[in-house]
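1. Sequence and predicted structure are below.
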Amino acid sequence: MSDIIPVRSGEELNDKTVKEFLIHHFPQLSEEDPLIINQFGTGASNLTYELKLGNWEGVLRRPPLGPVAPKAHDMKREFKILSALHPMFPPAPKPYLFSEDEEVVGSPFLIMERRHGILLNTDFPPDTPSSHELGEKLSEMMIDTLVQLHQVNYKGTVLEELSNPDGFLERQVYGWIKRYHSAKTDDIKIIDELTNWLVKNIPSSQEATIIHYDFKFNNALFSHDFSQLTGLFDWEMTTVGDPLADVGAALSYWCQNDDPDLLKYGLGKPPITVKEGFYTRNQFIERYAAKSGRDLSQIHYYMTFAYFKLAVICQQIYYRYHNGQTNDKRFKDFHLYVKTLIEHAVSVSREKAR
C-alpha cells in the first residue's frame, strides 16, 4: 500500500526555497531538474515529506505546525540518534543533514535517505491476500526486530550522552502525567484512579537498552515479498531506558480481533494486526520473552502505562486541533479515543488484581 499522498492543504513547503537548499547542500543535483514534493500520509505528529530531484530521493522531517510540547519534536536529537544508530542497526535510515535554518521550511528539519518497501497500516496491498501464514511471519519479524534493537550496544556512542537510564521509568510516569494535565481539554473522571495507580506501582526496571518507543507496523517498511523488514522510522522518542517500556508501547498499538470496538476503531480502520494469523498480545509477550530472555511478569504495568502514554499523545494532538493550531480533520474526534484509551488502561490495571 502506498503511504505517499499529495501535500495536505496548509502543510505545503516552499518549492523554490527547498530546491535552493538542496542544490547548495547536494552538489550532484541539477538545477535543471524539477523538484517534486509529496507527503507521507501516515503519522499524526511530525510532518514528513518525500523529495525527488532528478534521480535523487530524500525524506524531509520537520515538527508539526503551531506550538509544540517542550522537548518534543526535536529534529536535532533525532538526527544525532540516527547518525549513531544507522551503522549498528540496518533498519534505521541514514541521515543526511540537519538544519536550523527556519527560512527553508519554517522550523528546524532533517533530511535522510529514502527507503522503499511496502507499508502495512490497516490493510494488505490489493494483490496480497491475507493469510494465516503471512500474519504469523510478519508478527515474528516485528518481534524479532524489537529484540534485535534491544541487543544493540549503545555504550560509547552519542546515545549514551543523550540518555539517562537511571530513574527512567519513574521520570516517564511523572512526566507523562504532567503532559496530560498540560494538554487537558475534557474532564475524564477515571483519570485520577489511573494516574494514582501508575505512581504507586512503578516496578523495578531491567537493564537499560536502546528503545524505539513508537514501535508499530506503520512505522516500518517491508520488502515486496515480505521476506525482510527494509526500514524502521520515527525515531523521535528513542532513548536508552527500560526495554519493557518499549514492549509495552508496541503492545498498546497491537490490537487483536477480540478487542472492544472502541479500541480497534478509535483511529478509523483497525490496524493490520487484527487480521488472521497475526499474533495475539499474549503470543507477542511469549515470543519476546523467549527470544530476549527477559522477565515479563510485570508486563501488565508497562501495558497500562503505554495505553496512558498513547492517550496523552492523542490528547496533545487533539489539544492542537481544539485550539486551532491545526485544521487536520483527522484529529477532530481524538478526544473520544483519549477517553477510550484511559478507560482501557484502567481495565488493564484492574485485571491483574482480580
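-> Sure, I can see it. Numbers count the residues shown, from 1 in each chain.

2. So what's the residue count around the closest residue to Ile5 other than its chain neighbours?
-> Distance criterion CB to CB, 6 or more residues apart in numbering; nearest residue to Ile5, sequence neighbours excluded, is Gly41 at 4.0 Å. In short, each C-beta sits where N, CA and C put it, glycine included. Neighbour count of Gly41, defined by other CB atoms under 10 Å: 16.

3. Next: the one 10 residues further on.
-> Counted with other CB under 10 Å, residues neighbouring Leu51 total 19.

4. give me every residue that touches it.
-> 18, 22, 35-37, 57-60, 111, 114 (CB atoms under 8 Å, 6 or more residues apart in numbering).

5. please redo it, this time with the cut-off set to 6 Å
-> Taking CB atoms under 6 Å, 6 or more residues apart in numbering, we find Leu51 in contact with 37, 58, 60.

6. Just confirm the last one is within a strand.
-> Going back to what we said before, that points to Leu60. Yes. Under DSSP: H, G, I helix; E, B strand; the rest coil, Leu60 falls within a strand.

7. ok so, going back, could I get the contacts of Leu51 as TSV with distance to Ala290?
-> Listed next are these as TSV, based on distance: CB to CB, whole Å:
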residue	distance to Ala290
Ile37	45
Gly58	39
Leu60	40
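
8. of those residues, closest to Glu50?
-> Ile37 (7.1 Å; CB to CB).

9. Quickly find the element holding the closest one.
-> For Ile37, the enclosing helix or strand under DSSP states H and E is strand 35-40.

10. List the buried residues of that strand.
-> Neighbour-count burial for strand 35-40, counted by 16 or more other CB atoms under 10 Å, picks out 35, 37, 39-40.

11. How about stretch 325-338?
-> 326, 328, 331, 334-335, 337-338.

12. per-residue confidence for Glu32?
-> Predicted confidence (pLDDT) for Glu32: 94.

13. Kindly indicate whether it is helix, strand or coil.
-> Assignment for Glu32 (three-state DSSP): coil.

14. Look up how far Asp123 lies from it.
-> Taking CB to CB, to the nearest Å as the measure, Glu32 falls 39 Å from Asp123.

15. Looking at the two, which is more packed in?
-> Asp123 (14 against 6).

16. What residues sit buried inside stretch 213-223?
-> Buried residues in stretch 213-223, defined by neighbour count with 16+ other CB under 10 Å: 213-222.

17. how about these in TSV, adding pLDDT, secondary structure and distance to His86?
-> Below are the buried residues of stretch 213-223 laid out as TSV (pLDDT from 0 to 100; DSSP: H, G, I helix; E, B strand; the rest coil; distance: CB to CB, whole Å):
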residue	pLDDT	secondary structure	distance to His86
Tyr213	95	coil	18
Asp214	94	coil	17
Phe215	97	coil	17
Lys216	96	coil	20
Phe217	96	helix	21
Asn218	92	helix	21
Asn219	94	helix	16
Ala220	96	strand	16
Leu221	96	strand	15
Phe222	97	strand	19
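
18. Let me know the closest of these to Asp192.
-> Tyr213 (25.6 Å).

19. Let me see the contact set for that closest one.
-> Per CB under 6 Å, 6+ apart, neighbours of Tyr213: 237, 246, 249.

20. returning to what we had before: reformat the buried residues of stretch 213-223 into a markdown table and put distance to His344 next to each item.
-> Formatted as a markdown table, the buried residues of stretch 213-223 follow (distance: CB to CB, whole Å):
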| residue | distance to His344 |
| --- | --- |
| Tyr213 | 19 |
| Asp214 | 19 |
| Phe215 | 19 |
| Lys216 | 17 |
| Phe217 | 19 |
| Asn218 | 20 |
| Asn219 | 21 |
| Ala220 | 24 |
| Leu221 | 29 |
| Phe222 | 28 |
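
21. from those residues, which is closest to Gly293?
-> Checking the buried residues of stretch 213-223 against Gly293 with CB to CB, the nearest one is Phe215 at 19.0 Å.

22. all helices for the stretch 101-250 of the chain, in order.
-> In the stretch 101-250 of the chain, the helices defined using DSSP state H, counting those that start in this stretch lie at 102-105, 132-150, 158-162, 168-182, 191-200, 243-253.

23. in this protein, what spans have low per-residue confidence?
-> Along the chain, segments meeting pLDDT under 70 span 1-2, 43-44, 66-73, 352-354.

24. Now do the helices for the stretch 251-354 of the chain: every range, in order, please.
-> Counting by DSSP H, counting those that start in this stretch, the helices of the stretch 251-354 of the chain are 261-264, 281-292, 299-322, 334-351.

25. Who are the packing partners of the second one?
-> In this structure, helix 281-292 packs against helix 132-150, with contacts taken as 3 or more CB pairs under 6 Å, 6 or more residues apart in numbering; DSSP states H and E.
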